[in-house]
Every structure is written in structure tokens, then in C-alpha cells.
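Participant: Here is my input; please provide its structure:
(2 chains)
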Amino acid sequence: MTYENVKKEPLVRIAKRPELPKKKAILVRISSIFVALLLGGLLILALGYNPALVYADIIKGSILSSTALKSTIKIAVPLLGAALAIAPAFKMKFWNCGAEGQITIGAIVATYFALFQVDNLPSPVLFIVAFAAAAIAGGLWGLIPAFFKARWGSNETLFTLMLNYIAIGFVKYLRVGPWMDKGQMFPKIPMFDKAARLPEVFGIHIGWIIVLALVIFIYIYMTRTKHGYEIAVVGESVSTARYSGMNVKKIIMRTMFLSGAIAGIVGWMMVCGTNYTLSDTTANGYGFTAIVVAWLSKLNPFTMVAISAFLAVLQKGSNTIQTNFGIPASASEVLTGLILLCMLGSEFFINYRFVFRKKTVGGDK
Amino acid sequence: MKKIIALVLTLVMVLSFAACGNDEPVNDGNTGNNETLTAENIKVGFVHVSDPSDMGYTYNHDLGTKKMMENLGLSEDQVINKYNIGEDEGCATAINELIEAGCDIIFATSFGHGDYMTEAAAEHPEIQFCHATGSQAAGSGLSNYHNYFTSIYEARYLAGVAAGLKLNEMIANGTITEDEAVIGYVAAFYFEEVISGFSAFYLGARSVCPSATMITLKADSWSDPVKEGQIAQSLIDQGAVLISQHSDNPSPATTAEAAGLFHCGYNSDMAEAAPKASIISARADWSIYLTYAVECVLNGEEIATDWCKGFADGANFTSPLNEAVAAPGTQEILDEVAQGIIDGTVHVFAGPWTGYYIWDGSVFECAEGEWVDESKDRSSPYFGYIIDGITLLDA
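Facilitator: Prediction:
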């Protein structure tokens, strides 16, 4: 090694590390949560509160009372649903950032049935029709960018993202226009009739059962079916897929239809099971948070259950600390953000390592 | 395989639909049923649309809560505030949590909370529900459901007079021509509560500055600090020289200040945020109602279904005039007008004016000597006419 070479070496290099043993990787992940809690604790201290009390309150306010627990589960269910929706697309490396819009479109269609067909259809029929229609509508909304991608190779990240705003804009139009609550003369869409609201099992709308069924469905679909295999191959290499005779265009469109359809179902349960009305915020950012869930769980549906439950606890808990400590919403969002950043950051440390410049280099002494 | 999955899914759906009607009896930990309520054990819950850091609506409502607690000698742990509760399912959860915590009376502060309040009131007849700005109590037929608001249009009118005098001053010293006396108004939504507010403000301004006109844009949100500021800027770009607002944050005030223009605020004294721009702010003193309602519960009396008080009872007022910005002599005129409103000699929505009804565009004429009596039939404002001279840029 010559002197010049040594001089050129930077103080810190980032190097890909050989795969970590499972135990060690888990250790890194757990310690990242501790780091997150520590950093969050500093933030809470800086705001003038006792971190231990605030953390205890997050737990207390999200799972330790029946109302709180129900409300946390009501957050976890659509989040999990949205994560399941984007999983097949992400496996295919089709970056579906449009779950938000696909949820919204599903919600719009479900709302149509809940508002205008409630008198014409008995409740169970209404639910099933609205369910199917929401799934198809969400699927078609997902199909649009897939078609353009398959046909002309357009950028799906931007395309799906932009479609979100169109979907939400359409809700705004309906809210101030044709679907406005005439009874109240306020630009909001009316609440659904009792007959159009999903029944509850254990105090939570039946969406939770459907989402759990979807967990199993996606798991089987992704790991045990020909479709799932094709998705994985397209995700790894489009050329390989084409060479082995797969119809890549068809796979892309089929998978995005499925992705959008599941998101549409989430929209259906949001309006019929949770909100009982449609608003601009019906999708509530779940379509975006789902991306975090999908990444953290490495697209494994069972891990997604745990991650979305964890994020739901954070979201509900951060509401509670606003109430009990008067911590502003923005500050509790920073706290949630810190925890997520650390968790995602740990994945970096699992895959890469820092290489520091050695103090003494052989041959110089 | 696919068939099996489909079968399983169908079964799950059918089973879950069959499981409807599983309504467990709600066990609310409410103390109100068993023991007598006193100032020592009553629990009061609030559902707020934002949090006091907005320095606007919720901040001001919270001031009312504090004053009510002082008036009645309630301690901190008797009052539970739920902040940042949107006009969605989160509202139902917040109300349920307040019930679970044993609240005997629950207040919600935003119009869109109404549907959830109505449903909760029907389910929990032993708890009193009071909804600010809402309009559903009377129609619901529930004796435990109430609406309240203040005659904020009176304070708005007064603020409008101060604004008109400022416009006059600008015309007099040549900063603007008569035709350029344009007020920009940041509206949250277009419906009666907001329309009533900006009409009162406009009529106040026009009562002293006849050439004044007004342009409005809506934020589609009660509280969105960034958007409110952007809208104020957009109004300024379209010729507004004075900004007022019906939205929760002081960002329109700071935007006006940054542009070297003027502003009239709402909720809090916005001169604190924009000392060089904000002339005066229309404010509500919610403690008057909150004290009344909680006292009613303590005394076992009925709370009025609709409650709306104004200047005469101190339920609304204007912040101290910012003399550094206001036109000279404004205070004297304001005192006179305020007295007139209390005496009943000044009517805010008095003719002559023409306009159209927002919902169907039908023309309405209010002749000289006539006026629209706002908030007499119910607490929630119902003045829904767009007076000629006001242009809704985005209606």
C-alpha cells in the first residue's frame, strides 16, 4: 500500500456488511427502539414534562381502557389493510404510493351505496354490494397507473401519488356540491343511516375480521401461488420474467388491480365501519403510513399485524398525551417521527457498517 | 387453491354479517347517577377542534374554561380537555372516553362535532351535552342536548367600524383611492356562521366607509395556519388592503403585517401576534355560558336548549383598540356604536342592502329601517345572505 492511497482514505466509510446473524439483527432492532425512546425522552424533557409519565400515558391511553383499546384497533385495522394492499405491488417493485387515493375511491363508491341505496337494499346485501363495488373501484383506480406503466413505462411513483390528489379533490367536490348535507347547510356529507353501518363484533366493526382474513390470503397468495411467484420474479428482474415467458404487462396490471382492490376495501370499511360518513380525510394518511408498515415488516403479512398495532398505539397514544399533558399536536408528531426514524434507521445499520480509518497503517512505521 | 381462499373469504364475510346486533350494554363509569353532584365532584369534559397553541379559537375557549373553573371553584382534575379532535370518528371516541372518565357534562366546540354529539346525547340521557355553534339540539328533541354561541356578529360589526375608519384614513391621506378600499376576508367555510360573521364585519365597515367592498376566499378548514396565511396573501395580491378572518390562527394577521397592511382579528387579541397590523379583534367570553351551564347541572336545573348572549351580557367583546394602528378618534365612535347595540338603537343587519341567499341564489332586499334579527330563534347563526359589495372569489 502506498502512502498516497492511505491519505485518500476518508475518516469514515460506509460498507455493506455480510448478513448479520438473526439474533444480532434482532438486538440491533431492539436497541434502536431504546435509542428512540431515549431521544424522545430528551424531547419530552425539553418540553418540560417527565418522560416516564408521558410514555406510561401513551400506553395507558391506547390500550388500557376499553374505549381506548377499541379506538387503537380501529386505527390498526385500516393501517394493516393498506399495508396488505401495497405489499404485492411493492414485492413487484411497483411503487404504489397511491393507496391513499385507492382507499378514497373505494370510500366514495361505498358512500354512494350507503347514502342512496340504503332504502332499496336490505343491510347485508347493501354491505356486500358496497364491498364489491368499492373493491372494483379501488382496483380500477390502481389499474390506471399500472396500465400506463405497462404500456409506456411511465413513472408509477409520481403517477400513483398524483392520483391521490385527484381522488381527494373529487371528495371535496362531492362535499361542497351534490352530496352536501342539505339538512345542516354545512359543507359536509351526511352521516350514514344506521342500516348502512357495519355490524360490530366485540365492539369493533367487522372490518377487523376481514383484514385478518386478508393477512392469510396475502400470505398464501404471495408465497404459495403461481401469481405470487410471478410477482416475485418481475420484482427481481423484468428481463428474467420476460425471458421465462411471463406476460409482464399482464402481471403488472393484475397485481395493481389486486393492490387497489384491497385498498378499496379499506375505504369501504373506513366509511361504513368507522366514520359513517365520507370526508377529505377519510383515508387519513393510512395509505402513506402503510408504506412504513410494509417496509418495517419486510412485506411479511404476519409481521405487518404487529407493526401496524405498534403504530396504532403510537398514534392513539400521541393523541392522549396531547390531552393529558397539553403537549401540542406538532410536538407529539415529532415524537412519533423520531421513533419511526430510529426503527427505519436500524435497518440501515443491519445492512451497512461504518469503517473508520485505521490509526496506523502497515508499512509506515 | 384459489377456490379455497375464495370460499374462506366468503364464509368469513357471511359469518361476520350474521354476527350483527351484538350490542353490549354500555357501562359508563358516570358518578352522576348515584351521588349528588357538587362543585367538588362534578366532572366536566371538553372536545376541542385544535389545541390552545393555535392562539385563536381553542385558546380563547380554553380561557373561558379557566375562568369558569375559577368562578365555580373547580380543580384541575375535574376538567378533562380533549384537544385536536377532528370532525370525524375521532370525535365519537373522544366523547366516549370522556363518558368513561365519568364526565357529567360534555362540551364540544366545533360545528362538525354536532353529529357525534347528537348520537352520544341520545345514548346517554344522564349526561348533559353542550355543543358550541351547533344547530341540532332543538330539532333533536333531547332534553340533555344544548347549543350555545355568542352574538359574535355584534363584536364583528364593531371591528368592522374600526376597519372602515382605517380605510377612511387611508383614503384621506392618499394611500388608496375610494375604489381601492377593499377588505380581504379569510373564511373557513361558506355557511351561515361564517357568512353572518363577515356580513356583520362588512356592514360595520360600510357604515363609516361607503365605498368599501370585500373579497373572500375559503380555507375549507377551521384551523390550518399555513393555508390561512396563503389565503390572506392571495387576497392581498388581489387588491385587499385590510384583512379580517373567520379561522382559528393568527397567520392572516402576520401576513397582513408582513405586507405592511392592516388586519382585524377573531378569537384572541391578534395585536399580540401582529402589533403593527392588527387594529382590533372580535372576541367571545365563553366563561359566561360555561359557568351558567355547569351551574345548571350543579343545581339540577335545565340548561337552555339554545343559548346566545352578546354585548349586554359580556358574552362577546372586542379586544382593546390598538391605538398605534387605528385611525384617530376610533375609540369614541366604537363606544357610541357599542352603546347603540346594547340599547337596541343600532341593528347590525340593518338595511338598506340587497343580496342573494347563498344556497339558492334568490335575491333578497332589506329596505331602510328594516333589519334581519340574527340568533333570536336559535343560537347558531342563520344569516345566509351574500350582501352586494361582497364577492366570494371561490364560491
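
Participant: wait, doesn't A:L45 sit right on A:V54?
Facilitator: No. Checked against CB atoms under 8 Å, the pair A:L45 and A:V54 is beyond contact range at 9.6 Å. Placement of C-beta: from N, CA and C, glycine included.

Participant: which of these two has more neighbours?
Facilitator: Neighbours around A:L45 and A:V54, counted as other CB atoms under 10 Å in any protein chain shown, are more numerous at A:V54. The numbers are 24 against 12.

Participant: Please name the nearest non-neighbouring residue to the more buried one.
Facilitator: Nearest residue to A:V54, sequence neighbours excluded (CB to CB, 6 or more residues apart in numbering or on different chains): A:I44, at 5.0 Å.

Participant: show me the residues around residue 164 that make contact.
Facilitator: Answering for chain A, as no chain was given. A:97-98, A:100-101, A:104, A:287 (CB atoms under 8 Å, 6 or more residues apart in numbering or on different chains).

Participant: I was thinking of chain B, sorry if that wasn't clear
Facilitator: By CB under 8 Å, 6+ apart, the contact set of B:G164 is B:204-209, B:212.

Participant: and if you look at B:T133?
Facilitator: With CB under 8 Å, 6+ apart, B:T133 has these contacts: B:109-111, B:147, B:149, B:193, B:380.

Participant: Also B:G329?
Facilitator: With contact set as CB under 8 Å, 6+ apart, B:G329 has these partners: B:L165.

Participant: Could you report the neighbour count for B:L63?
Facilitator: Around B:L63 sit 18 other residues, with neighbours defined as other CB under 10 Å.

Participant: Which pLDDT value does the model give it?
Facilitator: pLDDT for B:L63: 94.

Participant: quick one on the thing from earlier: now, the contacts of A:N164 that are in helices?
Facilitator: Of the contacts of A:N164, the ones assigned to helices by DSSP state H are A:100-101, A:104, A:287.

Participant: Please indicate which of those residues has the highest neighbour count?
Facilitator: Once you tally neighbours by other CB under 10 Å, A:T104 ends up highest among the ones in helices among the contacts of A:N164, having 36 neighbours.

Participant: Skipping adjacent residues, who's closest to it in space?
Facilitator: Excluding its sequence neighbours, the residue lying closest to A:T104 (CB to CB, 6+ apart) is A:A167, at 4.0 Å.

Participant: tell me which element the one you found falls in.
Facilitator: Following DSSP states H and E, one finds A:A167 within helix A:156-176.

Participant: List the buried residues in that helix.
Facilitator: Neighbour-count burial for helix A:156-176, counted by 16 or more other CB atoms under 10 Å in any protein chain shown, picks out A:156, A:159-161, A:163-164, A:167-168, A:171, A:174-176.

Participant: for A:I30, what are its contacts?
Facilitator: The neighbourhood of A:I30, defined by CB under 8 Å, 6+ apart, contains no residues.

Participant: If you could redo that for B:E374, that was the one I meant.
Facilitator: Neighbouring residues of B:E374 by CB under 8 Å, 6+ apart: B:151, B:153, B:196, B:200, B:348-349, B:381-383.

Participant: Tabulate those residues (JSON lines), appending pLDDT and secondary structure.
Facilitator: Putting these into JSON lines (pLDDT from 0 to 100; DSSP: H, G, I helix; E, B strand; the rest coil) gives the following:
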{"residue": "B:S151", "pLDDT": "92", "secondary structure": "coil"}
{"residue": "B:Y153", "pLDDT": "94", "secondary structure": "helix"}
{"residue": "B:S196", "pLDDT": "95", "secondary structure": "helix"}
{"residue": "B:A200", "pLDDT": "96", "secondary structure": "helix"}
{"residue": "B:V348", "pLDDT": "94", "secondary structure": "coil"}
{"residue": "B:F349", "pLDDT": "94", "secondary structure": "coil"}
{"residue": "B:P381", "pLDDT": "89", "secondary structure": "coil"}
{"residue": "B:Y382", "pLDDT": "88", "secondary structure": "coil"}
{"residue": "B:F383", "pLDDT": "92", "secondary structure": "coil"}
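
Participant: tell me which of those residues is nearest to chain A?
Facilitator: For these, the closest approach to chain A (CB to the nearest CB) belongs to B:Y382, at 8.8 Å.

Participant: With adjacent residues omitted, what lies nearest to that closest one?
Facilitator: B:E192 (5.1 Å).

Participant: I'd like the next helix or strand past the least confident helix or strand in chain B by mean pLDDT.
Facilitator: Sorting the helices and strands of chain B by mean pLDDT, DSSP states H and E puts helix B:2-18 at the bottom, at a mean of 51. Scanning forward in sequence from helix B:2-18 by DSSP H and E, the next helix or strand is strand B:44-47.

Participant: For chain B, what's the nearest residue on the stretch 51-200 of chain A?
Facilitator: Closest contact between the stretch 51-200 of chain A and chain B, by CB to the nearest CB, is at A:P199 (3.0 Å).

Participant: Check the contact between that residue and A:G207; I expect there is one.
Facilitator: No. Counting by CB under 8 Å, A:P199 does not reach A:G207; the two are 10.5 Å apart.

Participant: out of those two, which sits in the busier spot?
Facilitator: Taking neighbours as other CB under 10 Å, A:P199 and A:G207 compare with A:G207 leading, 27 against 18.

Participant: Show the backbone phi and psi for that one.
Facilitator: Note on A:G207: its backbone torsions stand at phi -50, psi -30 [degrees, to the nearest 10].

Participant: give the contact list for it.
Facilitator: If a contact means CB under 8 Å, 6+ apart, then A:G207 has A:77-78, A:81, A:198, A:269, A:273-274 as its contacts.

Participant: Which of the residues you listed fall in strands?
Facilitator: If you go by DSSP state E, the contacts of A:G207 have nothing in strands.

Participant: and the residues you listed, which two are the farthest apart?
Facilitator: Largest separation among those by CB to CB: A:G81 and A:L198, giving 13.6 Å.

Participant: quick one: common contacting residues for the two?
Facilitator: Contact criterion CB under 8 Å, 6+ apart; residues bridging A:G81 and A:L198 by contacting each: A:207, A:269.

Participant: where's B:Y185, which helix or strand?
Facilitator: Using DSSP H and E, B:Y185 falls within strand B:182-187.

Participant: in the chain, which spans are helices?
Facilitator: All of this is about chain A. For chain A, the helices defined by DSSP H cover A:3-8, A:22-47, A:51-63, A:66-91, A:99-116, A:123-152, A:156-176, A:207-224, A:226-236, A:238-243, A:248-269, A:286-296, A:301-325, A:329-351.

Participant: meant chain B, my bad for not saying
Facilitator: With helices called from DSSP H, chain B shows them at B:2-18, B:57-72, B:89-100, B:114-123, B:137-140, B:152-172, B:192-208, B:225-237, B:251-258, B:287-299, B:330-343.

Participant: out of those, which comes closest to B:A395?
Facilitator: helix B:192-208 (10.5 Å).

Participant: Which residues are in contact with the spatially closest residue to A:A261 that is not a sequence neighbour?
Facilitator: Spatial nearest neighbour of A:A261, chain neighbours left out: A:G139 (3.6 Å); criterion: CB to CB, 6+ apart. For A:G139, the residues meeting the contact criterion (CB under 8 Å, 6+ apart) are A:102, A:257-258, A:260-261, A:264.

Participant: Alright, I will stop here.
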